[in-house]
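# Need coordinates for the below:
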Amino acid sequence: MADERLGSLRRAKLKALVRDGRLGGTLPEGAVDGALPGGAAMRSADSARGWVLVDDGAVAGLGAALAWSVRERLPRAGLEVLVETAPARSASRPGDGPRVDAAAVVARRAAEFAPAPTVWAVAGTELRPIVAGDAVAAGEPELPPGDLDRFAAELARHGADPIVEHGVLRGEVLGLEVARAVPETNGGWRLAAGVGRHDRDAREQLRPDQPPGDALDEVVALVRQWRRPGGLRHPANTLSRERWLRSLLVAAPERVGARSLAPLPVPVPTTDLRDATPAAALGTSASTGGPLVVVCSVGVDLDLVPTAADVRLLHAPDAELLVVLPEGDDLPVTRTLAAALARPAQVLAVPRDWQAALAAE
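A predicted model of the protein is given here:
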């Protein structure tokens, strides 16, 4: 009931903005409502124009809007995306990384398509043209260089891959976070072991005197025990599967035609391991010798292509772009959007049993 009420309110808001804003001044006769997660959609009866409202603070609304426009056979030049001005859902605590402007990110990503949809910022009942946000750099590490080197070496000694993204140092095993550098109340830093924030907090409350190295060994061993193909379903083998796929490709870059690959951060960080977020890597193409950006996804992610285009824009604008996902997840809409970029991306499907197939490479 609450979801239905929210959906009705969003549709009413979109209609009011189209009617009273600077989008033509009148509601088109015979306009057809459309469903959209985190917002509302509407198109003209002749499918020449479409409007999408994104007001949940998530930049993924652009991917949903583009997918909706493909389904409704709308020309992208006739699509107008209205984004509520609010910070994108991401980090909010020290040690979590930066927050970003959702509307600016949507505008920046939309500009990567040709033709590009029009993006408007919504503030109450007012509309204004939006300027694409500057690419958000990966961020300098928040902790001092000496601590960064020391913690990275300690993670590696205990079998975890040290990865810095958005200024945050993590330790990962097959793409799953097992530790993180976190700030102390006295202004220092320390390594905290655990799969995500809640596991870290629980471990420190239950065993506050456990040596950090022992805690890290314990978590690494547990993750390696469960994070393998063919095992029983467990959070350790269902979370962060995109990063799992990336870790296998970094270890075997030839599988995607690369000489080498190294992890890259995506522009909008996430702090919840349950959120599926594409995982990116930068390397060198084996065929051309030029830069290659690889973006991995597992499952259905309508925002995969806009995210991948944003990663390339941020890190290597002249690079080839390759989107990698398992067979069955390479939906037609993903291939359509990849081809619609001003600089099209290639889509590569790896075997459905990629955990076993790539690990055996």
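
# Next one, pLDDT for residue 46 please.
Note for residue 46: predicted pLDDT of 90.

# Using the three-state scheme, assign the residue nearest the centre of the chain.
Closest to where the C-alpha atoms of the chain average out (C-alpha atoms, centre = their mean) is residue 277, at 3.6 Å. Secondary structure state of residue 277, per DSSP: H, G, I helix; E, B strand; the rest coil, is coil.

# Contact partners for it?
242, 266, 268, 270, 307 (C-beta atoms under 8 Å, 6 or more residues apart in numbering). Just so you know, the C-beta spots here come from the backbone N, C-alpha and C atoms, and that holds for glycine as well.

# Quick check: phi and psi on the residue nearest to the last one when sequence neighbours are not counted?
What that stands for is residue 307. Excluding its sequence neighbours, the residue lying closest to residue 307 (C-beta to C-beta, 6 or more residues apart in numbering) is residue 278, at 4.9 Å. Note on residue 278: backbone dihedrals following degrees, to the nearest 10 are phi -50, psi 150.

# wait, residue 278 sits on residue 298?
No. In this structure residue 278 lies outside contact range of residue 298 using C-beta atoms under 8 Å: 9.4 Å.

# Now for those two: what residues contact both?
residue 242.

# what about the two, which has more around it?
Neighbour totals were compared for residue 278 and residue 298, and residue 278 leads with 25 against 21 (other C-beta atoms under 10 Å).

# Low-confidence regions, the stretch 151-300 of the chain specifically.
Judged against pLDDT under 70, the stretch 151-300 of the chain has no low-scoring part.

# Residue 216: neighbouring residues, count only.
Other residues close to residue 216 by other C-beta under 10 Å number 24.

# again but with residue 8, I slipped
So residue 8, with other C-beta under 10 Å, has 11 neighbours.

# if we can go back for a sec, how far away is the residue nearest to residue 307 from residue 321?
Residue 278 sits 12 Å away from residue 321, taking C-beta to C-beta, to the nearest Å as the criterion.

# what sits against the residue nearest to residue 307?
If you count contacts by C-beta under 8 Å, 6+ apart, then residue 278 has 242, 266, 295, 296, 297, 301, 303, 304, 307, 308, 311 around it.

# Adding distance to residue 199, secondary structure and neighbour count, write those out as a markdown table.
Output for the contacts of residue 278, formatted as a markdown table (distance: C-beta to C-beta, whole Å; DSSP: H, G, I helix; E, B strand; the rest coil; neighbours: other C-beta atoms under 10 Å):
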| residue | distance to residue 199 | secondary structure | neighbour count |
| --- | --- | --- | --- |
| 242 | 20 | helix | 23 |
| 266 | 23 | coil | 22 |
| 295 | 27 | strand | 26 |
| 296 | 24 | strand | 30 |
| 297 | 24 | coil | 26 |
| 301 | 25 | coil | 19 |
| 303 | 27 | coil | 25 |
| 304 | 28 | helix | 30 |
| 307 | 26 | helix | 24 |
| 308 | 30 | helix | 30 |
| 311 | 28 | helix | 25 |
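
# you'd agree residue 60 is up against residue 39?
No. With contacts counted by C-beta under 8 Å, residue 60 stays clear of residue 39, the gap being 10.4 Å.

# could you pull out the helices for the chain?
Here the chain has its helices, by DSSP state H, at 2-20, 61-71, 102-110, 145-157, 196-206, 212-226, 235-238, 241-251, 304-315, 332-340, 354-359.

# quick one, which of the ones you listed is nearest to residue 289?
Residue 289 lies closest to helix 304-315 among the helices of the chain, at 17.4 Å (C-beta to C-beta).

# from the chain's centre, how far out does the closest one sit?
Centroid separation for helix 304-315 versus its chain: 9 Å, with C-alpha atoms, centre = their mean, to the nearest Å.

# for it, what is the average pLDDT?
Mean per-residue pLDDT for helix 304-315: 95.

# circling back to that earlier point, farthest-separated two in the contacts of residue 277?
The span of the contacts of residue 277, defined through C-beta to C-beta, is set by 242 and 268 at 13.9 Å.

# give me the beta-bridge partners of residue 282?
residue 262, residue 293 (DSSP bridges).

# Quick check: the gap between it and residue 321.
11 Å.

# overlap in contacts of those two?
residue 293.

# which non-adjacent residue is nearest residue 83?
Residue 83's closest residue in space is residue 103 (C-beta to C-beta, 6+ apart), at 4.1 Å.

# how close does the one you found sit to residue 58?
11 Å.

# Which one's more surrounded, the two?
Neighbour count, other C-beta under 10 Å: between residue 103 and residue 58, residue 103 has more, with 29 against 23.

# Let me know how buried residue 119 is, in neighbour terms.
There are 26 residues near residue 119, going by other C-beta under 10 Å.

# so it sits right up against residue 106, yeah?
Yes. Assessed by C-beta under 8 Å, residue 119 is found in contact with residue 106 at 5.7 Å.

# shared neighbours of these two, anything?
By C-beta under 8 Å, 6+ apart, residue 119 and residue 106 have these common neighbours: 81, 83, 130.

# What residues does the first one make contact with?
I take that to be residue 81. Neighbours of residue 81 in contact, by C-beta under 8 Å, 6+ apart: 51, 52, 54, 61, 62, 65, 106, 110, 117, 118, 119, 120.

# now the second one
Contacts for residue 83 were tallied using C-beta under 8 Å, 6+ apart; they are 54, 55, 61, 102, 103, 106, 107, 119, 120, 121, 122, 130.

# Check those residues and tell me the two furthest apart.
Largest pairwise distance in the contacts of residue 83, by C-beta to C-beta, is 15.3 Å, between 55 and 107.
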